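Chemist: what shape does this take:
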Amino acid sequence: MMISKSAYLFILSLILVIYYVVCGVYLNKLGYYNHESLFYIEKAKIMFEGVGNRLKIMGLTSPMIPFYATLIFTPVSVTLAPVLASAIGTGVLFYIIAGALIKRLTNDFYMWLLLAIFLFHPGMLYAACSGKSIYLVLIFFFLFFLNLFKFYRSNTTFHISIASICLVTLIFCDYKFIWLTLFFLPLVLSITIHSLNLGEQESIFRLFQSFNSPSLRRKLINKTFALYIILFALPLVAVLCYKLLNLTHANDLNYFNESPYATWNVLIDKLSFDEQTTGRIYRIPEISILISARVLLFCPMIFVAVYLLRESTYQILTILTPFAFIEFLHVKYDKVFVAYQYYLIFIILAVLCVIIKSHTVKNQKAFKIMLAIMVLVQIYFGGYYLKTSSIAEEKNFVNVLFNRTDDPTQEDNADVANYLSSLPDDAHILIDDATAYPIVAFTHDIRPLILPYGNSFLSALESPDKYADYIVIATAKNALTGYTQLNNKYIISIKKTIPQLIFRKVFETTDWMVYRVVGN
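Modeler: Predicted structure coming up:
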């Protein structure tokens, strides 16, 4: 009995998922964690084990969709939930891309090429095994551009509507993609001009002809406005509604994007940049224009994509839009290094263009050889970019992956968590998860913890003797000590306010101290 292509593809994706899960669990056993996965683990613990009002955690934790994806796997294993989500999600990404491939290309070479990327490219392994939300960004980035190209071919607004939904989801996976809409504003005009039935081929002449004819001008304006509404109305309304939700529950429109209690990257981006620019070895910040050059080196297949679409100006502009997007991110967030996931989107985009247009190439043999060489180059530079990354946790991943040695990065946090777990069940522990969320993530039972989501946190800050038996304090050596109230200055301040209160040090690591609160 012959297996159908869809069944074969499902089995292949399942094997790939198992491969990712094994790698992810192995890295987890070596002690590898990253800030994003620990943040989701901590919030998931609050959702499932916390006491009190958790509605704010459930609705305002950002990015929202990656957090919910982690929640799905939390009943299986709290600590492995992000890894399971990323492994299965990357398998789904492969299934979606391969599904689009087998519909358009009959040659198995392209399937093997795609499989090689997902098996061996360090960036794909990073997306699949790290527990980060890169897989969701890549899925909806691919679907967004896939439906745009479908619209170019069929001129059916259904596809542009689906693209709009994918854009909304992409924004809720990574809010920075809201800026991608800026660069589609001029592109929509180019698309509309092309859709008009005119004799001229060049866009500039088509535009000139349209504006010189009242009927064509009216048609151009109406169609352009309609496309703007279909493509951008839903994302803008969705973001506005979410901001209003934040205003209602947190009294801040941008709480989800600016509060360390709502998102993991607020403090980590600052910490990463500070470490690189104030360390003994100064790293020069990334330079505009050279970012695009780095992309071309990272993904030379994008040259193939431009070549394949060379006859369509608006389609080439579509490919160039992500270049403008990452250059804008570099300018807008000048104190944040460009994360690895923004390089990976170009591999996805290049693969999409190959799927759509490779059948038009006459010399298939030379084309396949060139693609194979480019994939090998991309695999090499994928590892090189991780190894030399300016972001510590990206570099840390590839070191653990290739060296297969224990990762000591989270040892301090795990030691403090183990100590807190050894305390009596009736002990109350004051801790600020703006900076100490890794400790909460490693703690076996969070019910004794007094956290900011609870109603008693502010009262416990003012009168620790009435609410807490222990306090977790960030030491002066902790890089995040300036971002939490629970630091050495807090102890001095409380002693001035309540002179009879005694703090007895009971546990200490490089970054943390645990004090026992003792009355007079």
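
Chemist: which stretches of the stretch 401-520 of the chain have low pLDDT?
Modeler: For the stretch 401-520 of the chain, the stretches flagged by pLDDT under 70 are 519-520.

Chemist: rerun that using 90 as the cut-off
Modeler: 401-409, 425-426, 454-456, 465-466, 479-480, 482-483, 488, 492, 495-502, 518-520 (pLDDT under 90).

Chemist: what about the strands in it?
Modeler: Ranges of strands in the stretch 401-520 of the chain, per DSSP state E, counting those that start in this stretch, are 429-430, 449-450, 470-474, 502-508, 512-518.

Chemist: now tabulate these in JSON lines and tack on distance to S190.
Modeler: Yep, even glycine has a C-beta here, placed from its N, CA and C like the rest. Listed next are these as JSON lines, based on distance: least, Cβ to Cβ, whole Å:
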{"stretch": "strand 429-430", "distance to S190": "58"}
{"stretch": "strand 449-450", "distance to S190": "55"}
{"stretch": "strand 470-474", "distance to S190": "52"}
{"stretch": "strand 502-508", "distance to S190": "62"}
{"stretch": "strand 512-518", "distance to S190": "55"}
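
Chemist: which residues sit against stretch 237-248?
Modeler: The set of residues external to stretch 237-248 that reach it, using Cβ atoms under 8 Å, 6 or more residues apart in numbering, is 59-60, 64, 168, 171-172, 178, 252-256.

Chemist: again, 10 Å this time
Modeler: Defining contact as Cβ atoms under 10 Å, 6 or more residues apart in numbering, one finds that stretch 237-248 is touched by 56, 59-60, 62, 64, 164-165, 167-169, 171-172, 175, 178, 181, 252-259, 262.

Chemist: can you select the buried ones from these in PyMOL?
Modeler: Per 16 or more other Cβ atoms under 10 Å, the buried members of these correspond to this PyMOL selection:
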select buried, resi 56+59+60+62+64+164+165+167+168+169+171+172+175+178+181+255+256+257+259+262
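
Chemist: inside helices: which ones of the contacts of stretch 237-248?
Modeler: With helices taken from DSSP state H, the overlap with the contacts of stretch 237-248 comprises 56, 59-60, 64, 164-165, 167-169, 171-172, 255-258.

Chemist: identify the farthest-apart pair in these.
Modeler: By the measure Cβ to Cβ, K56 and S164 form the most distant pair in the ones in helices among the contacts of stretch 237-248, at 28.9 Å.

Chemist: quick one, helices of the stretch 301-450 of the chain?
Modeler: Remark: helices assigned in the stretch 301-450 of the chain by DSSP state H, counting those that start in this stretch are 301-308, 313-332, 341-357, 364-387, 392-403, 411-422, 437-442.

Chemist: how many other residues sit next to the residue nearest to F303 when sequence neighbours are not counted?
Modeler: Of all residues not flanking F303 in the chain, L296 sits nearest, at 7.3 Å (Cβ to Cβ, 6 or more residues apart in numbering). Using other Cβ atoms under 10 Å, L296 has 13 other residues around it.

Chemist: now the strands of the stretch 401-520 of the chain as TSV including distance to T313 and mean neighbour count?
Modeler: TSV is the format used below for the strands of the stretch 401-520 of the chain (distance: least, Cβ to Cβ, whole Å; neighbours: other Cβ atoms under 10 Å):
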stretch	distance to T313	mean neighbour count
strand 429-430	61	22
strand 449-450	58	25
strand 470-474	55	24
strand 502-508	64	14
strand 512-518	58	20
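
Chemist: thought S456 was touching L430?
Modeler: Yes: counting by Cβ atoms under 10 Å, S456 touches L430, with 9.3 Å between them.

Chemist: overlap in contacts, the two.
Modeler: What both S456 and L430 touch, as defined by Cβ under 10 Å, 6+ apart, is the set 450, 467-468.

Chemist: need the residues you listed in JSON lines (columns: distance to N413).
Modeler: Shown next, in JSON lines, are the shared contacts of S456 and L430 (distance: Cβ to Cβ, whole Å):
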{"residue": "I450", "distance to N413": "18"}
{"residue": "Y467", "distance to N413": "23"}
{"residue": "A468", "distance to N413": "20"}
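
Chemist: what is the nearest of those residues to I134?
Modeler: I134 lies nearest to I450 out of the shared contacts of S456 and L430, by Cβ to Cβ, at 33.8 Å.

Chemist: for that closest one, what are its contacts?
Modeler: By Cβ under 10 Å, 6+ apart, the neighbours of I450 are 428-432, 456-457, 459-461, 464, 467-471.

Chemist: out of these, which comes closest to E393?
Modeler: E393 lies nearest to D432 out of the contacts of I450, by Cβ to Cβ, at 21.5 Å.

Chemist: need phi/psi at the closest one.
Modeler: The phi/psi pair for D432 (degrees, to the nearest 10) reads phi -100, psi 110.

Chemist: give the burial count for it, as a bare number.
Modeler: 27.

Chemist: that one contacts Y490, doesn't it?
Modeler: Yes: contact criterion Cβ under 10 Å: D432 and Y490 qualify, at 9.5 Å.

Chemist: what touches both of those two?
Modeler: Common neighbours of D432 and Y490 (Cβ under 10 Å, 6+ apart) are 461, 471, 473-474, 484.

Chemist: and the furthest pair within those residues?
Modeler: The two members of those with the most space between them (Cβ to Cβ) are L461 and A474, at 14.1 Å.

Chemist: ok, back up a step: need the helices of the stretch 301-450 of the chain in JSON lines (columns: mean neighbour count and distance to V517).
Modeler: Output for the helices of the stretch 301-450 of the chain, formatted as JSON lines (neighbours: other Cβ atoms under 10 Å; distance: least, Cβ to Cβ, whole Å):
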{"stretch": "helix 301-308", "mean neighbour count": "19", "distance to V517": "59"}
{"stretch": "helix 313-332", "mean neighbour count": "18", "distance to V517": "44"}
{"stretch": "helix 341-357", "mean neighbour count": "22", "distance to V517": "43"}
{"stretch": "helix 364-387", "mean neighbour count": "16", "distance to V517": "44"}
{"stretch": "helix 392-403", "mean neighbour count": "18", "distance to V517": "34"}
{"stretch": "helix 411-422", "mean neighbour count": "18", "distance to V517": "14"}
{"stretch": "helix 437-442", "mean neighbour count": "25", "distance to V517": "18"}
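
Chemist: export those helices to CSV and tack on distance to Y32?
Modeler: Listed next are the helices of the stretch 301-450 of the chain as CSV, based on distance: least, Cβ to Cβ, whole Å:
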stretch, distance to Y32
helix 301-308, 29
helix 313-332, 27
helix 341-357, 18
helix 364-387, 13
helix 392-403, 5
helix 411-422, 12
helix 437-442, 13
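
Chemist: moving C-terminal of the helix or strand of the chain with the lowest mean pLDDT, what's the next helix or strand?
Modeler: Least confident element among the helices and strands of the chain, by mean pLDDT, DSSP states H and E: helix 203-211 (a mean of 53). Next along the chain after helix 203-211, taking DSSP states H and E as the criterion, comes helix 214-250.

Chemist: for L234, find the nearest of the strands of the stretch 401-520 of the chain.
Modeler: Among the strands of the stretch 401-520 of the chain, strand 449-450 comes nearest to L234, with 39.4 Å by Cβ to Cβ.

Chemist: sheet partners, orientation included, of that closest one?
Modeler: In the sheet, strand 449-450 lines up against strand 429-430 (parallel) (DSSP bridges).
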